[in-house]
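Engineer: need a 3D model of the following:
(2 chains)
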2 protein chains.
Amino acid sequence: MTTSEAPTDNGVNVQALLDARTALVDAPAGAQFTWRASHEWVRGTHSQSEISDFFGLGGEQAHRTSWSFDADHPEVFASEDHGPTPVEYVLVGLASCLTAGIAAVAQNRDIQLNSVKATIEGDMDILGILGGDPETRNGFNEIRVTYDIDADATPEDIEALVAQSQKRSAVFDVVTNPTNVTVQVN
Amino acid sequence: MTTSEAPTDNGVNVQALLDARTALVDAPAGAQFTWRASHEWVRGTHSQSEISDFFGLGGEQAHRTSWSFDADHPEVFASEDHGPTPVEYVLVGLASCLTAGIAAVAQNRDIQLNSVKATIEGDMDILGILGGDPETRNGFNEIRVTYDIDADATPEDIEALVAQSQKRSAVFDVVTNPTNVTVQVN
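Structural biologist: Residues are numbered from 1 along each chain as shown, chains lettered A, B, ... in the order given. The predicted structure is shown next:
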């Protein structure tokens, strides 16, 4: 790097993350996190979920604020469309997880990102959720994420960034691998 | 039912859904949906996703409005906490999918719901995403959903409602079973 170049700044404090990794390898109890939402039915297929706090680093942690999210089904499902469908929230989670990873990996590799845009699409045969075909799954048949990335790097380096992000993405893992879900009624 | 009882009304038009199922079994091309989001990096681990339209019933469909969602990492990850974490969006999707199903199944079974509340929690060992332990997965180790439901039904009928909702939930399927995700760079 010559003195005329600005240092890479994607806004990710990679040194703090590397330090956290070192600290948590030595004290793994702090790495046990629990993420949560409180949730309430409104009417019909409309519900609201609130995100405000979580457990991690050995104690309760609060977000800087809390957020409330409406979900619903669309009018073509004879619903009132008060919010995105539940599956669209999963797409938001997947795209945002991959992009956060791209920014962090780019910072760690000294690659300046200029812009990162993506489209994410998930195909679903709704005969599954409607119970119209027992052979059709309820969820997505396939999800496609397509990135347009402007960065001070070669196309190969950009491809490698995206590949590394997938390798460390929590939501990519959740979607591509099975997770045990327990649902109980008090 | 006596004439003094009000008809069950959970706000779900079950007849329309049953009619749609019949119609789509006969014309299955209409059941092929594609859900999508457009997505853009802001800075650091902060991104924004927009939900506005989707494909289904053989053509493009628009939501009644569009919604934008900020996602970020929290301050304990040395980030600025401009929105929920990506994994918390998955919890929103899962809870809202199960609850929409509970309302629809209850309507179909002539069970009046009075209130439905839930907490949803997902455990994660963040040594996975930090790359601190190759044996630790990136995603959730386990998700727990706990419902409190007040309905004009027996506890057994309420349990059965929740079980049927899981059986037909798109997001429950996405989380508990693998889905293929393709990530490409233009």
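Engineer: could you check the angle helix B:86-108 makes with the longest helix seen in chain A?
Structural biologist: Determined from DSSP state H, the single longest helix within chain A is helix A:86-108. Orientation check (axes from the mean of the first three to the mean of the last three CA atoms, to 10 degrees): helix A:86-108 against helix B:86-108 gives 180 degrees.
Engineer: briefly note if the next helix-or-strand element following helix A:86-108 comes near chain B.
Structural biologist: Going down the chain from helix A:86-108, the next helix or strand is strand A:113-125, by DSSP states H and E. Yes - residues of strand A:113-125 contacting chain B under CB under 8 Å from any CB of the partner chain: A:113, A:115-125. In this view, the C-beta of every residue, glycine as well, is placed from N, C-alpha and C.
Engineer: over to stretch A:26-40?
Structural biologist: Yes - interface with chain B: stretch A:26-40 contributes A:28, A:31-40 (CB under 8 Å from any CB).
Engineer: hang on, the earlier thing: next, the buried residues of the longest helix of chain A.
Structural biologist: Going by neighbour count (16 or more other CB atoms under 10 Å in any protein chain shown), the buried part of helix A:86-108 is A:86-108.
Engineer: dump stretch A:157-164 to CSV, keeping only the CA atoms.
Structural biologist: Backbone C-alpha positions of stretch A:157-164 (Å, rounded to 0.1, in the frame of the first residue of the first chain) are rendered in CSV as follows:
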residue,chain,number,x,y,z
ASP,A,157,-11.5,-12.2,-5.2
ILE,A,158,-15.1,-11.1,-5.1
GLU,A,159,-16.3,-14.6,-5.8
ALA,A,160,-14.0,-15.9,-3.0
LEU,A,161,-15.5,-13.3,-0.6
VAL,A,162,-19.0,-14.5,-1.3
ALA,A,163,-18.0,-18.1,-0.9
GLN,A,164,-16.4,-17.4,2.4
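Engineer: who's in contact with that stretch?
Structural biologist: Residues outside stretch A:157-164 that contact it (CB atoms under 8 Å, 6 or more residues apart in numbering or on different chains) are A:98, A:101-102, A:105-106, A:109, A:111, A:147, A:149, A:151, A:153, B:183, B:185.
Engineer: still on that earlier bit, buried members of the residues of strand A:113-125 next to chain B into ChimeraX, please.
Structural biologist: To isolate in ChimeraX the members of the residues of strand A:113-125 next to chain B that are buried, counting by 16+ other CB under 10 Å, one can use:
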select /A:113,116,117,118,119,120,121,122,124,125
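Engineer: quick one, the longest helix of chain A and strand A:113-125 angle?
Structural biologist: Interaxial angle of helix A:86-108 relative to strand A:113-125 (the same axes, to 10 degrees): 150 degrees.
Engineer: now name the helix or strand holding residue A:182.
Structural biologist: Using DSSP H and E, residue A:182 falls in strand A:181-185.
Engineer: list the buried residues of that strand.
Structural biologist: Residues of strand A:181-185 classed as buried by neighbour count (16+ other CB under 10 Å): A:181, A:183, A:185.
Engineer: picking up where we left off before, identify, from the contacts of stretch A:157-164, the entry nearest to residue A:75.
Structural biologist: Ranked by distance to residue A:75 (CB to CB), those are led by residue A:98 at 30.3 Å.
Engineer: against chain B, how distant is the closest one?
Structural biologist: Here the criterion is CB to the nearest CB, to the nearest Å. By it, residue A:98 lies 7 Å from chain B.
Engineer: equivalent analysis for residue A:93, please.
Structural biologist: 3 Å.
Engineer: picking that back up, let's have the residues of strand A:113-125 next to chain B in CSV, adding distance to residue B:168.
Structural biologist: Shown next, in CSV, are the residues of strand A:113-125 next to chain B (distance: CB to CB, whole Å):
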residue, distance to residue B:168
A:113, 41
A:115, 40
A:116, 36
A:117, 34
A:118, 30
A:119, 28
A:120, 24
A:121, 23
A:122, 17
A:123, 18
A:124, 13
A:125, 13
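Engineer: let's have the residues of strand A:113-125 next to chain B in TSV, adding pLDDT.
Structural biologist: Listed next are the residues of strand A:113-125 next to chain B as TSV, based on pLDDT from 0 to 100:
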residue	pLDDT
A:113	98
A:115	98
A:116	98
A:117	98
A:118	98
A:119	98
A:120	98
A:121	98
A:122	98
A:123	98
A:124	98
A:125	97
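Engineer: quick one: residue A:37 and residue A:47 touch, right?
Structural biologist: No - using CB atoms under 8 Å, residue A:37 is not in contact with residue A:47, being 10.6 Å away.
Engineer: could you point out which element follows the helix or strand bottoming out on mean pLDDT in chain A?
Structural biologist: The helix or strand of chain A with the poorest confidence is helix A:14-26; it has a mean of 93 (mean pLDDT, DSSP states H and E). Counting by DSSP H and E, the next helix or strand C-terminal to helix A:14-26 is strand A:32-43.
Engineer: how far does that following strand sit from its chain's centre?
Structural biologist: 16 Å (CA atoms, centre = their mean, to the nearest Å).
Engineer: repeat that for stretch A:75-85.
Structural biologist: Between the centre of stretch A:75-85 and the centre of its chain there are 23 Å (CA atoms, centre = their mean).
Engineer: what comes into contact with that stretch?
Structural biologist: For stretch A:75-85, contacts defined as CB under 8 Å, 6+ apart pick out A:42, A:44-46, A:69-74, A:92, B:12-13, B:16-17, B:20, B:35, B:51, B:56-57, B:61, B:63-64, B:67, B:96.
Engineer: buried among the residues you listed? Need that as a selection in PyMOL.
Structural biologist: A single PyMOL command suffices to select whichever of the contacts of stretch A:75-85 are buried according to 16+ other CB under 10 Å:
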select buried, (chain A and resi 42+44+45+46+69+70+71+72+73+74+92) or (chain B and resi 12+13+17+20+35+51+56+57+63+67+96)
